[in-house]
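Novice: Prediction below, plus the sequence it came from.
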Amino acid sequence: MAADVTTTDEWQALRKHADEIRATHLRDLFATDPGRGERLTVEVGDLYVDYSKNLVTDETVALLTALAERVGLADRIAAMFAGSHINGTEDRAVLHTALRLPQDATLTVDGQDVVADVHAVLRRMAEFAEQVRAGQWRGHTGERIRTVVNIGIGGSDLGPVMAYEALKAYRDAGISCRFVSNIDPTDIHDTTADLDPATTLFVVVSKTFSTQETLANAHQARRWLLAGLDADEQAVAKHFVAVSTNAQRVADFGIDPANMFGFWDWVGGRYSLPSAVGLAVMLSIGPARFDELLAGYHAVDEHFRTAPPARNAPVLLGLLNVWYTNFLGAQTHAVLPYSQYLHRFPAYLQQLTMESNGKSVRTDGQPVSYDTGEIFWGEPGTNGQHAFYQLLHQGTRLVPADFIAFSEPNHDIGDMHDLFMSNFFAQTAALAFGRTAEQVAAEGTPAELVPHRVMAGNHPTTSIVADRLTPATLGQLVALYEHIVLTEGAIWDINPFDQWGVELGKVMANHLAPLLTADQPDLTTLDSSTAALIRHYRTQRNR
Ligand code: F6P
């Protein structure tokens, strides 16, 4: 839609409705509607999503779904699944959903049988992974591979490391993975310091194979390997594989294209975990488990593609995010997994959500007149409870939060999981219902302390519960958030699939790099702050 969404009747109706909701407390919504806690739920795959503790009524949901209809969300969803070039600024299809289509599905895009391409790469990955896991793929000196080091950044790092950590309970081949992303030399230094090059395999992951950080780390890894093995370039073939869309650059780096696993320009970096980018994960949990991950994604894809808006979990949660951002003034959104294994999930979601929806122009190039892209952040519970939850409970800001948990623990030790989950249940209830002055006073609290101990409540949360953290439920969770992102992007009429905003910094870093080391750099063209900072740096580096 070309017009500004804020001018639609649907948007205006939501604005009006927001005034009513501001005057309503979750306590009242629950008191007057005993069925709310069961009714305002939706199931998708193995995920039970309870959105009843949000600041919404049935009318809110109806108004939000009307807005979704008005902006043509259903068409946008259909266009993505069909492979239309919905990434307009790069003239590309957006087909991460094709990465998890079953083998017997059909999808031809731009004249290419996408399903056949995807499964050909998956088969090669599986073959390679089995060889490494079985100890048949040997290093240059004949030893089996024990450690995989994934070198990549952004989408070529955050997805693999998040999933590797999340699926720790499924590692079964004695292969451990490490992840190097930062160009800070301490990262590669510390990651390789105690490794034996003879048993180390590097997986260099870069969609473009031109990313400064990744290439610098990969070159250093090669120097480290050859020095450690006291070998020549021939050793590289047994210790380096690449994941990329750019075969030429991979070859230029010196990696045999036979050791390259490809993907396609219709896979955005932050959506690429289910492609060959997930190779490190497959090496650690095996191809069969990786298939379960893909099947989990696919279950949510199908739900997103077919469920009506009012029963469609990603659509509902995406619309709730719009509700808080544009009508109730929220700036941030917390993601709080009650699972230590999901400790990198919030970081992963930061790229997924903020690189996607951190945009300020509409698809037609006009500036938006409304807020977009919330700031996503979070830490696992219960750790966060002893850090930032104070602000959630008694601060002045509206922070909608997603609480994620699993009924079955990956390790059942005494009654610890029940204690853990009692915190999960307690927090969302405390945030929603708080504690009134009367309740606090009735506990015998001295009058002067009552206002300090009152908990206003009315803080919105969504609870997402699965039976267990498995490859399948992880795939479902990630797909859920991917489609939340698309839903929000459709309402805001922005393109969630480009990332032009990260380019300027990269260009400037390349421009400044020589000025840090040159003998007589000309700093006069720089702004006075940057020039002074560089002079200060050079002095400290004795240049
Ligand atoms: O930060 C920008 C970005 O392009 C991300 O979108 C991407 O995930 C990351 O850099 C890494 O890119 P590549 O996989 O091409 O090395």
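Specialist: That came through fine.

Novice: make it CA atoms for all contacts and neighbour counts henceforth
Specialist: Noted.

Novice: tell me what the helix or strand harbouring residue 219 is packed against?
Specialist: Assigned by DSSP states H and E, residue 219 belongs to helix 212-229. In this structure, helix 212-229 packs against strand 147-151, helix 185-192, strand 200-205, with contacts taken as 3 or more C-alpha pairs under 8 Å, 6 or more residues apart in numbering; DSSP states H and E.

Novice: Next, see if the shortest one gets close to the ligand.
Specialist: No. For strand 147-151, no contact with the ligand is found by C-alpha under 6 Å from any ligand atom; the gap never falls below 9.3 Å.

Novice: Walk me through which strands that strand pairs with, and which way each runs.
Specialist: Its sheet considered, strand 147-151 pairs with strand 176-180 (parallel), strand 200-205 (parallel) by DSSP bridges.

Novice: Show the subsequent helix or strand relative to that strand.
Specialist: helix 158-166.

Novice: Can you give the contact residues for that next one?
Specialist: 177, 179, 270, 272-273, 277-281, 284, 341-345, 347-348, 469, 474 (C-alpha atoms under 8 Å, 6 or more residues apart in numbering).

Novice: Contacting the ligand as well, which ones from the residues you listed?
Specialist: Residues of these in contact with the ligand (C-alpha under 6 Å from any ligand atom): residue 270.

Novice: Which members of the contacts of helix 158-166 occur in helices, if any?
Specialist: 279-281, 284, 345, 347-348, 474 (DSSP state H).

Novice: Go through those residues and give me the one with the most neighbours.
Specialist: Compared across these, residue 281 has the highest neighbour count, 30 neighbours, by other C-alpha atoms under 10 Å.

Novice: From residue 161, how far off is that one?
Specialist: 8 Å (C-alpha to C-alpha, to the nearest Å).

Novice: The protein against the ligand: which residues are in contact?
Specialist: Checking the chain against the ligand by C-alpha under 6 Å from any ligand atom, the hits are 153-156, 206-209, 211, 269-270, 502.

Novice: same thing but 5 Å
Specialist: Proximity of the chain to the ligand, by C-alpha under 5 Å from any ligand atom, involves residues 154-156, 206-208, 211, 269.

Novice: As JSON lines, these with neighbour count and pLDDT would be great.
Specialist: Shown next, in JSON lines, are the residues of the chain next to the ligand (neighbours: other C-alpha atoms under 10 Å; pLDDT from 0 to 100):
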{"residue": "154", "neighbour count": "16", "pLDDT": "98"}
{"residue": "155", "neighbour count": "22", "pLDDT": "98"}
{"residue": "156", "neighbour count": "27", "pLDDT": "98"}
{"residue": "206", "neighbour count": "25", "pLDDT": "97"}
{"residue": "207", "neighbour count": "24", "pLDDT": "95"}
{"residue": "208", "neighbour count": "15", "pLDDT": "95"}
{"residue": "211", "neighbour count": "14", "pLDDT": "96"}
{"residue": "269", "neighbour count": "25", "pLDDT": "98"}
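
Novice: check contacts around the most centrally placed residue in the chain.
Specialist: Closest to where the C-alpha atoms of the chain average out (C-alpha atoms, centre = their mean) is residue 349, at 2.7 Å. Contacts for residue 349 (C-alpha under 8 Å, 6+ apart) come out as 376, 481.

Novice: Buried residues, the helix or strand that contains residue 28. List them.
Specialist: Residue 28 is part of helix 26-31, with elements assigned from DSSP H and E. Of all the residues in helix 26-31, those buried under the rule 16 or more other C-alpha atoms under 10 Å are 26, 29-30.

Novice: Could you list the domains of this structure?
Specialist: Domain assignment for the chain by the TED database gives 27-86+307-492, 101-286, 500-541.

Novice: What are the buried residues along stretch 457-475?
Specialist: Buried-residue list, stretch 457-475, by 16+ other C-alpha under 10 Å: 457-466, 468-475.

Novice: From the opening residue of it to its closing one, how far?
Specialist: Stretch 457-475 has an end-to-end distance of 33 Å (C-alpha to C-alpha).

Novice: again, but for stretch 246-258
Specialist: With C-alpha to C-alpha, one end of stretch 246-258 sits 13 Å from the other.
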